[in-house]
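> build me a model:
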Amino acid sequence: MKRPTQSDVAKLAGVSRATVSYVVNGSADVSISAETRARVLDAVAHLNYAPDARARSLRSGGSNTVGLLIPDLHNPHYWSIVQGVEDSVREQGYDLLLTSTSLDPEREAQTLAGLSGRRVDALILTLSFLEQSKATLTQLAANGYPVVTLGNTSFNVDAVIATYRNATARMMAHLLGLGHTRIGFIFGVGSKELATNRMAVYQESLAVAGLPVDPSLIDYSGPRIEDGYQAACRLLERTPRPSALLVINDWLAIGALRAVGERGLRVPEDISIASFDDTEMAAYLNPPLTSVRSNGYALGRQAASLAVERIRQPGRPIRRVQIEAELIIRSSTGATK
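From the prediction side, this is the model:
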């Protein structure tokens, strides 16, 4: 079947081919209305259009650049991933092109479409809104474009995954073993389809312990530090109050620590706090934070290695690499009174 072209996209969207080029290449110096941009992106998705940037790079001898997309520049977990990717690609003679989507679904779709049209030799993607990015990524995979996803295996491309199940089970066993029976969960993610494995283990662990899953103790907050603070405030108003808070990442746990401190409560004497990611700052908070270490640096290095492998060996089989998370116990968790 003939691959769709920019002219096909332009015809369907009712715009010029130049406008399509500006949108898919992410040109910042050309003013395009939100309505026009949306029409072009809808046409791109409908036609499964993707620029054949890999072919252009091959014809020109390659760009020696790897593109990396992350969802949030604020969360330190992603800083670790960026550092791992950058160290690895530079060791192998490549430069890094970094972009962030600011946890915005439309921006993620636009950024992915723009990256796919740039002269980069491979893409490493940490996606939050899989449905919006599905068409572009599916087409990239079909075209044999070197792509590595971090955190999901929904597409036929190389992938690196942090496996949280065992470590989350150990976290729950740790909290339950300390006598906590009312464990609040701050579930602050950009998209509810993320981190469902950790939610499942939380619920399963309570059931195995003979405890009910209390929906009022699960707060589906947003993904920013203020959201973690507000979620903790809400959970601390419950009667009876939870004796422990499990937070989806260290970034939101900072907000939770502030909410606890404002109420004159002590950690862990009055309430325990535990988290995920074990970013560098976790060991330096007061008190140091019990956290599940996902090892973002190792994730980044592995993703970069897969990307460069795919550039150099385009015909090799798809690889999926798992990196096991581990529980790091510190003094933010303690026994109930």
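> isn't there a strand covering Ile161?
Yes - secondary structure assignment places Ile161 in a strand (DSSP: H, G, I helix; E, B strand; the rest coil).
> contacting residues for it?
Contacts for Ile161 were tallied using CB atoms under 8 Å, 6 or more residues apart in numbering; they are 150-153, 320-323. Heads up, the C-betas are built off the backbone N, CA and C, glycines and all.
> Leu176: neighbouring residues, count only.
The number of residues packed near Leu176 is 17, by other CB atoms under 10 Å.
> that one contacts Gly210, correct?
No - judged on CB atoms under 8 Å, Leu176 makes no contact with Gly210 at a distance of 10.2 Å.
> quick one, strands of the stretch 201-337 of the chain?
Along the stretch 201-337 of the chain, counting by DSSP state E, counting those that start in this stretch, strands occupy 218-219, 244-247, 272-277, 290-293, 320-324, 326-328.
> and the nearest residue to Pro240 once chain neighbours are set aside, what is it in contact with?
Excluding its sequence neighbours, the residue lying closest to Pro240 (CB to CB, 6 or more residues apart in numbering) is Arg182, at 6.5 Å. Applying CB under 8 Å, 6+ apart, we find Arg182 in contact with 214, 217, 240-244.
> that older thread, what is the nearest of the contacts of Ile161 to Ala335?
Taking CB to CB as the measure, Ala335 lies nearest Ile323 of those, at 31.3 Å.
> measure Pro4 to Ala274 for me?
Applying CB to CB, to the nearest Å, one obtains 49 Å for the distance of Pro4 from Ala274.
> in stretch 237-245, what counts as buried?
Of the residues in stretch 237-245, those with enough neighbours to count as buried (16 or more other CB atoms under 10 Å) are 242-245.
> okay, now the domains of the protein?
The chain breaks down by automatic domain parsing into domains covering 1-49, 52-162+297-324, 165-293.
> more neighbours: Pro4 and Ala274, which one.
It is Ala274, of Pro4 and Ala274, that has more neighbours when counted by other CB under 10 Å, with 26 against 17.
> residues in a beta bridge with the more buried one, which ones?
On the basis of DSSP bridges, Ala274 takes part in beta bridges with Leu246, Thr290.
> report how many residues lie close to Glu324.
Glu324 is surrounded by 14 other residues when neighbours are defined as other CB under 10 Å.
> can you show me the strands along the stretch 1-150 of the chain?
For the stretch 1-150 of the chain, strands defined by DSSP E, counting those that start in this stretch occupy the ranges 65-70, 95-100, 122-125, 147-150.
> name every strand pairing with the first one and say which way it goes.
As defined by DSSP bridges, the strand partners of strand 65-70 come to strand 95-100 (parallel), strand 122-125 (parallel).
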